[in-house]
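Engineer: Here's my sequence, what's the structure:
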Amino acid sequence: IFSGILQEMLTKFLAFLPKAIVAMVVMFIGLYLTGVITQALKLALDRRKTDHEVKLVIVQITRWSVIAITVFVAMQQMGFDLSAFLVSLGVAGFTIGFALQDISKNFVAGLLLLLQQPFEIGDAIEVAGYGGTVQDVDLRATEIRTFDGKLVLVPNADVYTSAITNFSKADSRRLELTVGVAYGTNLELARAAALEAVASVKGILPDPAPQLVFGNFGESSIDFTLYFWISMKDGDILQAKDQAVVAINAAFEAQKIEIPYPIQTVLMKQT
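Structural biologist: Now for the predicted structure:
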């Protein structure tokens, strides 16, 4: 009897041995690939200057995901039926994911933003209705200091799915200034005076050259819009607009060009 049991155990062992060897090979290859993938990911994140803590999170998630896949494949090679376990795991994952969908959306969006880097810390951007300077990007929200000094935390999911305007990525930016002159004004004289005034303002670029377009007959004025470009490296938007207004006003005063007040004419009918 003992001999029969021993023979049966030996037979099962010999039948199981090839599967065990294959599983060991799978584990070896999987662990090797884990090291290669995580090392390549570290180098890619270093090139993108990803925050150290965020880099650790991404690398650990990647490492353990590859290890988990390797273990599942190795166990299947050894003959284990993992279908019931995977179904249970999928149901549990779906339940947890549904309960934490907002958190998970922001987490995934945060990872994508950190990997793609449409903006960097210190960039001036406009996104999801907020304009300002990027202060920080973590795995939940993007921190923006608005141009009027408010600190806003915008969920990463909103940032990732919204159009992003990055002012810091451009070398220059076009500004617009609308001015009205009185009816009866020599428009070409006003054009020349305004363009000459703007050209003298420090920080306004000569190329592309400033452009003036008369575009509207207002109630008390003929309105024009002045387009000019400033350097984003050296120029300041508010200062450029301020100096442009001051320069145009001085030029118009020198040329006796009137910037009219709103005027209403009241007609009274006698009966």
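
Engineer: okay, and for this protein, where does confidence drop off?
Structural biologist: Within the chain, the segments meeting pLDDT under 70 span 1-5, 13-14, 16, 51-53, 81-89, 91-100, 234-235, 263-267, 271.

Engineer: Centre-most residue in it?
Structural biologist: Pro118 (4.5 Å; C-alpha atoms, centre = their mean).

Engineer: Name the residues linked to the closest residue to that residue other than its chain neighbours by a beta bridge.
Structural biologist: Nearest non-adjacent residue to Pro118, counting by C-beta to C-beta, 6 or more residues apart in numbering: Ile164, 5.3 Å away. (Each C-beta comes from the backbone N, C-alpha and C, glycine too.) Counting by DSSP bridges, Ile164 is bridged to Val127.

Engineer: returning to what we had before: ok, now how distant is the residue nearest to the centre of the chain from Met9?
Structural biologist: The spacing between Pro118 and Met9, counted by C-beta to C-beta, to the nearest Å, is 62 Å.

Engineer: that's a helix at Val108, yeah?
Structural biologist: Yes - judged by DSSP: H, G, I helix; E, B strand; the rest coil, Val108 forms part of a helix.

Engineer: number of nearby residues for it?
Structural biologist: Look at Val108: counted by other C-beta atoms under 10 Å, it has 14 neighbours.

Engineer: Pull the contacting residues for it.
Structural biologist: Taking C-beta atoms under 8 Å, 6 or more residues apart in numbering as the criterion, Val108 is in contact with no other residue.

Engineer: Surely Gly180 is in a helix?
Structural biologist: No - using three-state DSSP, the assignment for Gly180 is strand, not a helix.

Engineer: ok, the closest residue to it other than its chain neighbours to Met232 distance?
Structural biologist: Leaving aside its sequence neighbours, Gly180 sits nearest to Ser221 (C-beta to C-beta, 6+ apart; 3.0 Å). Applying C-beta to C-beta, the value for Ser221 to Met232 is 32 Å.

Engineer: and the helix or strand that Leu56 is a member of, what does it pack onto?
Structural biologist: Per DSSP states H and E, Leu56 falls inside helix 52-77. The contact analysis (3 or more C-beta pairs under 8 Å, 6 or more residues apart in numbering; DSSP states H and E) places helix 52-77 against helix 2-47, helix 101-116.
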